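pasting a predicted model and its sequence here:
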Amino acid sequence: MPDSPPPSIGPLLQELRAGNQSAFDDLLPLVYDELHGLAERQRRHWQGDETLDTTALVHEAYLKLAGQPAPEWSSRAHFLAVAATAMRQILIDYAKRKRAAKRGGQQPHVPLHEVEAALRGEPSSDASDVLLVALDDSLRRLGQVNGRQVRIIECRFFGAMSIEETAEALNLSPASVKRGWAMAQAWLYRDLQQGAGDTDGI
């Protein structure tokens with residue numbers, strides 16, 4: 001039996017854009033399963049850190065999203081893209097705090113094999129906090145060159161969204177998303193490789 005289509009959230013998004021914050025409480029149950037799935041994929045990818053579990057990540061993202069006044073979410077896909085960005089920020093902040101507590105906030109070193117695995121979409125090892133911090137720094141540099149490519153990375157890499165979902169969320173054509181995704185991956189690989197050093201013998 002095919003899955004039933006997700007309930008429409010358009011009217012609630014309109015209420016939120018109009019400034020009705022109470023509509024968020026009605027929105028959450030309609031998208032909770034998708035948020036949980038998004039968080040689960042994030043946690044599976046960054047498997048080296050078990051402290052911030054899936055439920056905690058969903059709840060922190062909920063608080064971050066609920067605190068936005070009159071958000072401009074235009075569709076379900078757009079909302080999930082913003083949620084992916086929020087989860088990225090939460091994980092980055094957590095990784096930075098973790099590294100600061102362990103190593104005094106020193107500049108992280110990224111093993112080259114971790115860079116290659118991450119950009120292939122494979123789960124990270126116990127170096128995940130190192131890679132997360134380095135990836136965030138790299139995305140900030142990419143954002144100075146091409147903000148659209150950063151948003152594509154956030155949807156595809158952090159949000160595990162398909163080409164079509166990313167296109168809908170960012171109001172782009174699928175062809176533009178495919179091209180931007182390939183270019184952003186190549187840019188990130190070059191940028192992260194510069195900080196990876198030679199310790200892997202590559």
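Arrived safely.

nearest residue to the middle of this protein?
To find the centre residue of the chain, average its C-alpha atoms and take the closest one (Cα atoms, centre = their mean): that gives Phe158, at 2.9 Å.

verify the stated contact: Ala77 with Gly159.
No - distance between Ala77 and Gly159: 9.5 Å, which falls outside the contact criterion (Cβ atoms under 8 Å). For every residue, glycine as well, the C-beta is placed using N, CA and C.

the two: which has the busier surroundings?
Looking at Ala77 and Gly159 with other Cβ atoms under 10 Å, you find the greater number of neighbours at Gly159, namely 24 against 21.

list the contacts for that one?
Counting by Cβ atoms under 8 Å, 6 or more residues apart in numbering, Gly159 touches 38, 80-81, 83-85, 87, 166.

circling back to that earlier point, how much space between the residue nearest to the centre of the chain and Ser176?
Applying Cβ to Cβ, to the nearest Å, the value for Phe158 to Ser176 is 19 Å.

repeat that for Asn20.
Look at Asn20 and Ser176: by Cβ to Cβ, they are 33 Å apart.

which one's more surrounded, these two?
For Asn20 against Ser176, the residue with the higher neighbour count under other Cβ under 10 Å is Ser176, and the figures read 16 against 13.

give me the nearest residue to the more buried one, chain neighbours excluded.
Using Cβ to Cβ, 6 or more residues apart in numbering and skipping residues adjacent in sequence, the residue nearest Ser176 is Ala167, 7.3 Å away.

element containing the one you found?
Following DSSP states H and E, one finds Ala167 within helix 163-170.

sorry, back to before: thought the residue nearest to the centre of the chain was touching Ala84?
Yes - at 4.7 Å, Phe158 counts as touching Ala84 under the criterion of Cβ under 8 Å.

report pLDDT for His45.
His45 is assigned a pLDDT of 65 by the prediction.

my error: substitute Asn146 in the last question.
Per-residue confidence at Asn146 stands at 94 (pLDDT).

next one: phi and psi at it?
Comment: the main-chain dihedrals of Asn146 come out as phi -150, psi 100, following degrees, to the nearest 10.

how close does it sit to Ala186?
Using Cβ to Cβ, one gets 12 Å for the distance from Asn146 to Ala186.

looking at those two, which one has more neighbours?
Asn146 (14 against 11).

quick one: the more buried one and Arg179, what's the gap?
Looking at Asn146 against Arg179, where the rule is Cβ to Cβ, the gap reads 11 Å.

in the protein, which spans are helices?
Using DSSP state H, the helices of the chain run over 10-17, 23-45, 54-66, 76-103, 112-119, 128-145, 147-153, 163-170, 174-194.

would you single out the least confident of those?
Between the helices of the chain, the lowest average pLDDT goes to helix 112-119, which shows a mean of 64.

if anything else comes up later, I'll come back, but that's it for now.
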